[in-house]
Structure formats: C-alpha cells, structure tokens
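K.L.:
Return atomic coordinates for the entry below.
(one chain, ligands or ions: 1)
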Amino acid sequence: MLSEKEHIRYQRQLILPQFGTEAQEKLKNAKVFVAGAGGLGAPVCYYLAAAGVGHLVVCDRDKVELSNLNRQILHSTKKIGTPKSDSAFDTLNTLNPEINIVPFNETIDNNSIAKMANSAHIMVDCLDNILTRRVLNRYSIKKNIPIMHAGIDGWNTQLTLINPPHTPCINCLFDDAKDSTEPKPVLGAVAGIAGTLQALETIKYIVGTNDISNTLIYLDSITLEFSKISIEKNKNCSVCGHL
Ligand SMILES: [Zn+2]
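P.N.:
Residues are numbered from 1 along each chain as shown. Model prediction:
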C-alpha cells in the first residue's frame, strides 16, 4: 500500500499510461543492487531513488576525488576524500527518505557479492572494469538475477539486459575483453545518458513494461544515432554454455 505522502511524491508518474499504483507498488517492493557509484551509478541511483525503488543497495570501494566531479554528480566538492558509498547515501537519503538505502564501501568479489545482491530483483552494472563485471555475471547465473548492463567508450554508449539462459551472459559478449589502467575519456553528459537509460530500463524491467533482452542498444553521442543490434548466446560460452 502506498502512503498519502507517497501518492503525492510519485503523483506525476502514477498518472502515466502503463504505470499507475500497481507499478509503483512493484517499485516499492523491489530490491536493486547498484554496483558502482561513479559516472553511471550516479544517474542510476538518483533516478531509482527518485522513482521510489524501495530497497537500494549501493556499493563502491573508492573515495570521492576531484577528477570524478565532471561526471559523478551524486558527489560534490565538499565530499572529496569521503567514501563514494557514504556520499551516495547522503545525497539519496536527502532526495528520498521514504526508501531504504544500504551503502557498502568495499570490493565486490565472489564472497562479498552475496550479502549485497542476495534476493535482489536485478543488479545494475555501473562498473568500469571487466573483472568485477565477471563477478556480477557469475552471481547472476548462480542466483538467476538479471543484470542491467551499460558501458561507455568515449562518445559511445551500449546497453542491454543480461538474463541467462534467456539472453547472452557478460562472458558471451566480452569473452576476450581486458581492463586497461589508462584513464578512459568521458564526458559527464554521455555517462548521464547511459546511466539514465539504465535507470529507465531497470524501472521498466521491475514494473514489467518491456525489456531489452537479446538487443544491444548502441548510441553514438556525436551523431545521436541509436542502433538496436540483435545479440545471441555463445553456445560454447565457458560460463553460461551449460545452461
Ligand atoms: Zn555466456
């Protein structure tokens, strides 16, 4: 049941076609694990909190740095030096004190992920490295929890729903990907678009409006051209091939 205050807070989305009270209650009862509170995680956390996702778990192991602030809009200059997870909690709790926000300031690995993502409806991949994406991927397959994946590469953005065995897994898509230690170029607005699309698709997945299974959404932010690319499982995938 929504409270009177919740009816007012979410009034403008409650009157949306294909939304309404039922969808709002699904959001309220949902648990979402957001992996990373950086360039993608900032808009994801903001919009999921604002929309009323009832249980938001946010993990980031890093502290806020000056060079983060061109894009990581959850954080601010006065938060430099504090853990991003704490900074995220403060910002989101100020925005929406009606929801339950749980921050974790630690590395996501095969052991720690269980306490963060346990019983989550969906995990949101706001990571910047393939190593941790593989941790999410394994947990996703083990526990049957889908991943809303996004990634940015310069001006380009990609987005898809990972939900094995119905879709490819992260390993099917990025089998030979490796992490680089060089700083990656990124404009805040591009990360903002990517994270906002991720938040939108996460909300749509929870309320059951639609989903982007087996489709990779690709956006060139220079030309503003969107492409939808069909993707398929790799039957010989070493991670999900047995499913
Ligand atoms: Zn796979």
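
K.L.:
now stretch 138-147, how far from the chain's geometric center?
P.N.:
When C-alpha coordinates are averaged (Cα atoms, centre = their mean, to the nearest Å), stretch 138-147 and its chain have centres 14 Å apart.

K.L.:
list the buried ones in it?
P.N.:
Neighbour counts over stretch 138-147 (16 or more other Cβ atoms under 10 Å) mark 138-141, 145-147 as buried. All C-beta spots, glycine's among them, are computed from the backbone N, C-alpha and C.

K.L.:
can you tell me which of those residues are in helices?
P.N.:
Mapping the buried residues of stretch 138-147 onto helices (DSSP state H) picks out 138-141.

K.L.:
Looking at the residues you listed, which is nearest the ion?
P.N.:
Relative to the ion, the closest of those is Ile141; by Cβ to the ion it sits at 8.1 Å.

K.L.:
Verify the stated contact: that closest one with Gly241.
P.N.:
No. Counting by Cβ atoms under 8 Å, Ile141 sits too far from Gly241 to count as a contact (10.7 Å).

K.L.:
one step back: could the buried residues of stretch 138-147 go into a markdown table alongside pLDDT and distance to the ion?
P.N.:
Listed next are the buried residues of stretch 138-147 as a markdown table, based on pLDDT from 0 to 100; distance: Cβ to the ion, whole Å:
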| residue | pLDDT | distance to the ion |
| --- | --- | --- |
| Arg138 | 97 | 11 |
| Tyr139 | 98 | 14 |
| Ser140 | 98 | 10 |
| Ile141 | 97 | 8 |
| Ile145 | 98 | 15 |
| Pro146 | 97 | 14 |
| Ile147 | 98 | 12 |
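
K.L.:
Take the residues you listed and write them to JSON lines, including distance to Asn236.
P.N.:
Output for these, formatted as JSON lines (distance: Cβ to Cβ, whole Å):
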{"residue": "Arg138", "distance to Asn236": "17"}
{"residue": "Tyr139", "distance to Asn236": "22"}
{"residue": "Ser140", "distance to Asn236": "19"}
{"residue": "Ile141", "distance to Asn236": "15"}
{"residue": "Ile145", "distance to Asn236": "24"}
{"residue": "Pro146", "distance to Asn236": "22"}
{"residue": "Ile147", "distance to Asn236": "21"}
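
K.L.:
Mind telling me the two of the residues you listed farthest from one another?
P.N.:
Using Cβ to Cβ, these span at most 13.7 Å, a distance reached by Arg138 and Pro146.
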